[in-house]
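*Asks:* Compute the structure for the input listed below.
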Amino acid sequence: MSAVHLSPVAIITGAASGVGAATARMLATKGYNVLINYNRSADLAQSVVQDCLNLGAQAVAVQGDVSEDAVCKNLADKAMVQWGRIDALVNSAGATLFVPMSQLDDVQAADFQKIFGINAIGPFQMSRAVAPHMRDSGAIVNVSSVAGQLGMGSSFPYVLSKAALNSLTVGLARTMAPKVRVNAVLPGMIQGRWMREGLGDEVYERVKHQFTDSSLLGEVATPEHIASSVCWLLDKTCLMTGQLMVVDSGFTLGRPPSAAGKK
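*Replies:* Residues are numbered from 1 along each chain as shown. The predicted structure follows:
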């Protein structure tokens, strides 16, 4: 193991793009060294690494599917060998299946197993892997979704996996206190490649319009919006733990009928 570095260290899963990548860059500006986990997008991950290096941080990219426990243990080991400490974990890796929830026969047990493996089991395994190495005042943030609270989303496997992640957040907060705080950020719709590719351009634009028309603030979050909430929860001055922080432009509150459709 290398000497312990003075700068805090964060492991971010699913950090090649989207919220994970935005969080890595934001933490780099805050003085963190970052381990960037990715599964398939090696070029994108290396680009995020370079961005973090340009911002003055140390950064490495490590490939692996977090649904595999050995991968999760390896990520923790890599951080310890590289920097000798782990201060933060952001469970941002995620997967979904775009199947309307009315189409019950189009979802199979294997779909649940695959998506649960990444969205719920992976965060558990990562949290377990870093727990022995986390310093006092450590923090874990799970990137969940309002889908887990609303019972609606891109598919049943996704919705149920995020509900499980919300419960995991509360359970880990109780288990890991007072040494480590555990919270979750629950976004609504997020702008980006992931959802556009899954829905197609036409459906994506229709869903985006419906979201902005139904939310109190009339905006769709960017990855950077969500990353700023993640970073706030990681800050040592934050006394929150076991909380599910909704960041959805007021979508779950909904607009009063008289205000619907108005900007």
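
*Asks:* can you map out the strands along the stretch 1-150 of the chain?
*Replies:* Taking DSSP state E, counting those that start in this stretch, the strands of the stretch 1-150 of the chain run over residues 9-13, 33-38, 59-63, 86-91, 134-143.

*Asks:* Return the list of helices and strands in contact with the fourth one.
*Replies:* In this case it means strand 86-91. strand 9-13, helix 18-29, helix 69-83, helix 122-130, strand 134-143, helix 223-234 (3 or more C-beta pairs under 8 Å, 6 or more residues apart in numbering; DSSP states H and E). C-beta here means a position set from N, CA and C on the backbone, and glycine is covered the same way.

*Asks:* switch the cut-off to 6 Å
*Replies:* Strand 86-91 sits against strand 9-13, helix 122-130, strand 134-143, with contacts defined as 3 or more C-beta pairs under 6 Å, 6 or more residues apart in numbering; DSSP states H and E.

*Asks:* Which residues outside the longest one are in contact with it?
*Replies:* Read that as strand 134-143. Residues from elsewhere that reach strand 134-143 (C-beta atoms under 6 Å, 6 or more residues apart in numbering): 19, 86-92, 123, 127, 165, 169, 179-185, 230, 233-234, 236.

*Asks:* what about burial for those residues, which qualify?
*Replies:* Buried members of the contacts of strand 134-143, scored by 16 or more other C-beta atoms under 10 Å, are 19, 86-92, 123, 127, 165, 169, 180-185, 230, 233-234.

*Asks:* So what's the residue count around the residue nearest to residue 111 when sequence neighbours are not counted?
*Replies:* Using C-beta to C-beta, 6 or more residues apart in numbering and skipping the chain neighbours, the partner closest in space to residue 111 is residue 157 (4.9 Å). With neighbours defined by other C-beta atoms under 10 Å, the count for residue 157 comes to 24.

*Asks:* Can you tell me how far residue 157 is from residue 191?
*Replies:* 23 Å (C-beta to C-beta, to the nearest Å).

*Asks:* what comes into contact with stretch 215-233?
*Replies:* Contact with stretch 215-233 is made by 18-19, 22-23, 26, 90, 141, 183, 185, 187, 189-191, 208, 211-212, 247, 249-251, 253, 263, as judged by C-beta under 6 Å, 6+ apart.

*Asks:* Among these, name the buried ones.
*Replies:* Buried subset of those (neighbour count, 16+ other C-beta under 10 Å): 18-19, 22-23, 26, 90, 141, 183, 185, 187, 189-191, 208, 211-212, 247, 249, 251.

*Asks:* Include distance to residue 118 and mean pLDDT when you put the strands of the stretch 1-150 of the chain into CSV, please.
*Replies:* CSV is the format used below for the strands of the stretch 1-150 of the chain (distance: least, C-beta to C-beta, whole Å; pLDDT from 0 to 100):
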stretch, distance to residue 118, mean pLDDT
strand 9-13, 9, 98
strand 33-38, 12, 98
strand 59-63, 14, 98
strand 86-91, 10, 98
strand 134-143, 12, 94
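
*Asks:* Which one, of these, ends up nearest to residue 101?
*Replies:* Judged by C-beta to C-beta, the one of the strands of the stretch 1-150 of the chain that comes nearest to residue 101 is strand 134-143, at 21.5 Å.

*Asks:* Centre of the chain to the closest one, how far?
*Replies:* Centroid separation between strand 134-143 and its chain, computed with C-alpha atoms, centre = their mean, to the nearest Å, is 13 Å.
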